[in-house]
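Asker: Give the three-dimensional model of this entry:
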Amino acid sequence: MNKKEDFKNTERAKKIGRILNIILAIIFIFGLNILASKYYLRKDLTKNRVHSLSPETLAYIQKLKKPVEIFVTIPSQSPQAQLSETYLMVSRLLKEYQYATRNNKNGKITVEYINPFKQMQRAHQIAVQFGVQKDNSIILKSGNDYRQINPTELYTSQHGEIEKFKGEQVLTSAILNVTGSQKEKIVFIGGHGEMRINDVDPLRGLSELNRLLNTYNIETAQIELTQTSEIPSDANLVIIASPQTTFLPEEIAQLRQYLSDRNGRLIAFLDPVAQHGLDDLLYEWGILADDMLILDSSIDFKANSGDLILRSFTNHPITQFLEDNQLAVLAGLSRPIRPDIASPLDPRRTVTPLIWTSETSWGERAYQTMAAMQFDLNKDLKGPIPIATLAERNVNSQLGINIRGGRLVVFGNSNFIGNNRINGLGNRILLQNTINWTIDLNDLLNIPPKTLNNFQITLSQKDLIQTSLGIFAIPTSMACIGLLVFLIRKR
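Answerer: Predicted coordinates for the structure are as follows:
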């Protein structure tokens, strides 16, 4: 009896010991994970340090004084392979932002990933809260300020192929924007029958554009030059949208002083027929706005509504995405806007046509007559015709360094930014890129984009078999050894 009792006690003690060992192992693993979540080290072993934040970004975000919330509505798995790749790149990058601010008590960066297909209610809530679409967006929020980032802003492309990932540059710029370190202001000129930012009219209203600018945390205002002595000093950009009457000489003087003396930025949308009075100012910048109406005889370049379909773009940051992705622009009645070869030479100035009409188009000079309009070689302007042109100047500093000066972009059409057209075809992207380029949005930071390297390994069937055997050989052999030890111990 005593031997049996001793045997039972021994077995019972062994069982209790095993249970305690299991419990201690679980406690150890749990505690180790808690410590690892708070105290850990991340090391980027990639050749080009693709997953590391630049020193400039680290210097900015580690001194944040306000928390930043980031909402990502890009699905992790999408029928579009590029979106899935974007999610992967963005999620990896945001982990670095979170890690860099983990010890910042007042300025932590938190991230919430929302699958718009599985979390429909949450995605709808975010869309309503920030006035954005439900999917494929990145929204940054700090306090009452917020900024939206679209996937198209994260890449640079060349000849239709994505070349570089500039996510860090865009995200850091957006963080500075919503935390108040960097905020832009766009001033719209009024007093000449221009389109207004608070107008909801489908044709002449800019309320949709104003909403778009708000998602970029850009402040907007509308002023009349006759009621102020100069353009506000905090204006990063001035927009003239479809003036119906001519500017006064004193107003022209204000615009000239803003562009030249203050290296200002101006975008003008000039419709045909309407007289704007800006010819002298445009002449100084090497741009000519012809008093013509652009017509096109080909149905391939006209929509059912009669609008022009523009598909020809110059290789420029403003239009590169449209060119690479074969996106067209939908525009109504338009006038030619082209480089003025008669303007005075200025070595500091660069003039670049942006958008062209088709070869079957022409600029009709006698558009005011009631007769049927046909191309006249002696009077009219033969296509393709520039419909948008930009000019920029460099300022030479005392140190011999070229500094970006004023920038002027002129479109021969305004209705493509109106409420009923801004979301058609590539209109919104064109406008968004124009604003971003004109005010150097996302380019103020000296953060280079990361080159995307794609590696491809070609294996023969023999190589594939040998590789597969090598992969499975080690775990299989370990499993066999373990089974052998188990059988020996059982005996």
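Asker: pLDDT below threshold where in the stretch 251-400 of the chain?
Answerer: By pLDDT under 70, the low-scoring segments of the stretch 251-400 of the chain are 370-372, 396-400.
Asker: So which residues of it form strands?
Answerer: Ranges of strands in the stretch 251-400 of the chain, per DSSP state E, counting those that start in this stretch, are 265-269, 287-289, 293-296, 308-310, 312-313, 329-331, 337-339, 349-356, 361-364, 381-382, 386-396.
Asker: JSON lines please, covering those strands and showing mean neighbour count.
Answerer: C-beta here means a position set from N, CA and C on the backbone, and glycine is covered the same way. Formatted as JSON lines, the strands of the stretch 251-400 of the chain follow (neighbours: other Cβ atoms under 10 Å):
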{"stretch": "strand 265-269", "mean neighbour count": "25"}
{"stretch": "strand 287-289", "mean neighbour count": "22"}
{"stretch": "strand 293-296", "mean neighbour count": "22"}
{"stretch": "strand 308-310", "mean neighbour count": "24"}
{"stretch": "strand 312-313", "mean neighbour count": "21"}
{"stretch": "strand 329-331", "mean neighbour count": "25"}
{"stretch": "strand 337-339", "mean neighbour count": "22"}
{"stretch": "strand 349-356", "mean neighbour count": "19"}
{"stretch": "strand 361-364", "mean neighbour count": "25"}
{"stretch": "strand 381-382", "mean neighbour count": "15"}
{"stretch": "strand 386-396", "mean neighbour count": "22"}
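Asker: For those, give me JSON lines that also has distance to residue 106.
Answerer: Output for the strands of the stretch 251-400 of the chain, formatted as JSON lines (distance: least, Cβ to Cβ, whole Å):
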{"stretch": "strand 265-269", "distance to residue 106": "34"}
{"stretch": "strand 287-289", "distance to residue 106": "48"}
{"stretch": "strand 293-296", "distance to residue 106": "55"}
{"stretch": "strand 308-310", "distance to residue 106": "48"}
{"stretch": "strand 312-313", "distance to residue 106": "45"}
{"stretch": "strand 329-331", "distance to residue 106": "45"}
{"stretch": "strand 337-339", "distance to residue 106": "49"}
{"stretch": "strand 349-356", "distance to residue 106": "44"}
{"stretch": "strand 361-364", "distance to residue 106": "58"}
{"stretch": "strand 381-382", "distance to residue 106": "60"}
{"stretch": "strand 386-396", "distance to residue 106": "39"}
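Asker: Ends of stretch 241-254, what's the gap?
Answerer: End-to-end distance for stretch 241-254: 17 Å, by Cα to Cα, to the nearest Å.
Asker: So residue 361 sits against residue 385, correct?
Answerer: Yes - with contact defined as Cβ atoms under 8 Å, residue 361 and residue 385 form a contacting pair (6.1 Å).
Asker: Please tell me how far residue 235 sits from residue 110.
Answerer: 34 Å (Cβ to Cβ, to the nearest Å).
Asker: sorry, that was for residue 150
Answerer: Note on residue 150: its distance to residue 110, by Cβ to Cβ, is 21 Å.
Asker: Of the two, which one has the most company?
Answerer: Applying other Cβ atoms under 10 Å to residue 150 and residue 110 shows that residue 150 carries more neighbours, namely 16 against 13.
Asker: what's the neighbour count on residue 90?
Answerer: When neighbours are counted by other Cβ under 10 Å, residue 90 comes out with 22.
Asker: so who does it touch?
Answerer: Applying Cβ atoms under 8 Å, 6 or more residues apart in numbering, we find residue 90 in contact with 72, 74, 138, 154, 167.
Asker: Name the member of these with the most neighbours.
Answerer: Neighbour-wise, the contacts of residue 90 (other Cβ under 10 Å) top out at residue 138, 25 neighbours.
Asker: any idea how this structure splits into domains?
Answerer: Using automatic domain parsing, the domain parsing of the chain gives 55-179, 185-438.
Asker: Start and end of the shortest one, how far apart?
Answerer: Okay, so that is domain 55-179. End-to-end distance of domain 55-179: 19 Å, with Cα to Cα as the criterion.
Asker: Also the longest one?
Answerer: Distance across domain 185-438, first residue to last, is 12 Å (Cα to Cα).
Asker: please begin residue numbering at 14 from this point
Answerer: Let's use 14 as the start, then, which means that last one is domain 198-451.
Asker: Enumerate every residue touching the closest residue to residue 247 other than its chain neighbours.
Answerer: Excluding the flanking residues, the one nearest residue 247 by Cβ to Cβ, 6 or more residues apart in numbering is residue 198, at 5.3 Å. Contact analysis of residue 198 by Cβ under 8 Å, 6+ apart lists 231, 232, 233, 234, 245, 247, 248, 249, 250.
Asker: ok, residue 198 to residue 235 distance?
Answerer: In terms of Cβ to Cβ, residue 198 sits 12 Å off from residue 235.
Asker: again, but for residue 82
Answerer: Separation of residue 82 from residue 235 (Cβ to Cβ): 31 Å.
Asker: do residue 216 as well
Answerer: In this view, residue 216 and residue 235 are 18 Å apart by Cβ to Cβ.
Asker: between these two, who's got more neighbours?
Answerer: Shown here are residue 216 and residue 235; by other Cβ under 10 Å, residue 235 has more neighbours (18 against 12).
Asker: just the helices in the protein please.
Answerer: In the chain, the helices defined using DSSP state H lie at 15-51, 68-74, 94-113, 133-143, 180-191, 220-228, 262-273, 292-297, 333-337, 440-451, 474-503.
Asker: Could you report the neighbour count for residue 156?
Answerer: Look at residue 156: counted by other Cβ under 10 Å, it has 12 neighbours.
Asker: got a pLDDT number for it?
Answerer: For residue 156, the pLDDT comes out at 88.
Asker: can you tell me which residues contact it?
Answerer: By Cβ under 8 Å, 6+ apart, the residues touching residue 156 are 79, 191.
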